[in-house]
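Trainee: Quick one: sequence plus predicted model below, questions after.
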Amino acid sequence: DLGLRGQAPFTPAKGRERLLTILFVKGLTVMDFSYLHAERGLLGESWIVDVTLHGTLDEQGMVLDFSDVKKQVKRLVDEHFDHKLIIPTKSRCTHIGGTPGQPAITFACGGHGEHISHISPPTALCLLDAEAVTTESVSDAIEAALLEQMPANVRKIEIRLSEEQIDGASYQYSHGLRQHCGNCQRIAHGHRSRIEICRNGQRDLLLEEQWADRWRDIYIGSRSDLVDASDSHHHYHYKASQGEYDLVMPASRCYLIDTDSTVENLASHIAGMIGKENPQDEISVYAYEGVGKGAVGL
């Protein structure tokens, strides 16, 4: 670590040596979103956001006030990336049609004739000028957008995006919550989540791995939102307060439940399924929704 403010030589255009100061905030926020992958399809993801600012000191003796760093970075991430579907616009798999008010995305995936179709208000999408969605391509986009908003003394911004280090089972899922009044209503956003299952008060690692495998790279759909289903594809559709949403997914990449896919319901669903198979055991399921938050199903 550099310490709170490390110093390094910096020579400005006038030729007079000054000191460049480095300011950092680790774990500033978490991005929960989904994106399109050429092989794996629709993926839910959760990335931890670290930020580093390089600049000269202002009249307060700061590069930028910590409260301003947090507000500006979090606002940009929330408005442009969080709880959205990130589309790699330069991918050969991506086709964008529809209208400006209701973009229609078609994405080929998996190499077996599978495709994903997504229609939504534009606010549910992040169009990324890249061939693939990676921590590098997204951090580059965040850095470029943030630097435009910074005062002149901030010379460089570095964004580091990383997954939570999970020792044990985890899965990546996407979903949409039609009843939600906020951004969770978007039909294709998601999370990377750990899972902990206790049987009779003890962690059961085998059960955890089984459920992680079952829900790996999955779309968890509510049966009430399913308007058509075949052996090949599922079609989901609903209207919510932010607009109208439509999603077509390969059937093999979907898992249906009878309730809304809130983390509370997901924890209860897993606990109920395990309980039916093991009626003699006491089961508790700790289901996570991204990093450091979740619900317990009993």
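Mentor: Arrived safely, thanks for sending.
Trainee: mind listing the helices for the protein?
Mentor: With helices called from DSSP state H, the chain shows them at 66-80, 135-147, 205-214, 263-277.
Trainee: So for S91, which of those sits nearest?
Mentor: Checking these against S91 by CB to CB gives helix 135-147 as the closest, at 10.9 Å. For the C-beta atoms, the positions are set from N, CA and C on the backbone; glycine is no exception.
Trainee: Buried residues, the closest one. List them.
Mentor: Under the neighbour-count criterion of 16 or more other CB atoms under 10 Å, helix 135-147 has 137-139, 141-142, 145-146 buried.
Trainee: looking at it, A108 is touching S91, isn't it?
Mentor: No - applying CB atoms under 8 Å as the test, A108 and S91 come out as separate, 9.1 Å apart.
Trainee: Which residues are in contact with each of the two?
Mentor: The contact sets of A108 and S91 overlap at A38 (CB atoms under 8 Å, 6 or more residues apart in numbering).
Trainee: Residue ranges in this protein under the pLDDT threshold?
Mentor: 1-19 (pLDDT under 70).
Trainee: Centre of the chain to the strand ranked longest in the chain, how far?
Mentor: The longest strand of the chain (DSSP state E) is strand 18-37. Taking CA atoms, centre = their mean, to the nearest Å, one finds strand 18-37 lying 14 Å from the centre of the chain it belongs to.
Trainee: do stretch 244-252 as well
Mentor: On CA atoms, centre = their mean, the centre of stretch 244-252 falls 18 Å from the chain's centre.
Trainee: Identify the residues contacting it?
Mentor: Stretch 244-252 has contacts (CB under 8 Å, 6+ apart) with 41-42, 102, 109-110, 114-121, 124, 176, 178, 185-188, 219, 221, 229-239.
Trainee: Please name the bridge partners of S46.
Mentor: D32 (DSSP bridges).
Trainee: neighbours of it, just the number please.
Mentor: 21 (other CB atoms under 10 Å).
Trainee: wait, it sits on R192?
Mentor: Yes - using CB under 8 Å, S46 is in contact with R192, at 4.4 Å.
Trainee: joint contacts of those two?
Mentor: Common neighbours of S46 and R192 (criterion: CB under 8 Å, 6+ apart): 163-164, 290.
Trainee: Mark which of these are buried, thanks.
Mentor: Buried among the shared contacts of S46 and R192 by 16+ other CB under 10 Å: 164, 290.
Trainee: Next, format the shared contacts of S46 and R192 as CSV and append distance to T29.
Mentor: Compiled in CSV, these are given as follows (distance: CB to CB, whole Å):
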residue, distance to T29
E163, 14
E164, 13
G290, 11
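Trainee: With that, I have no additional questions.
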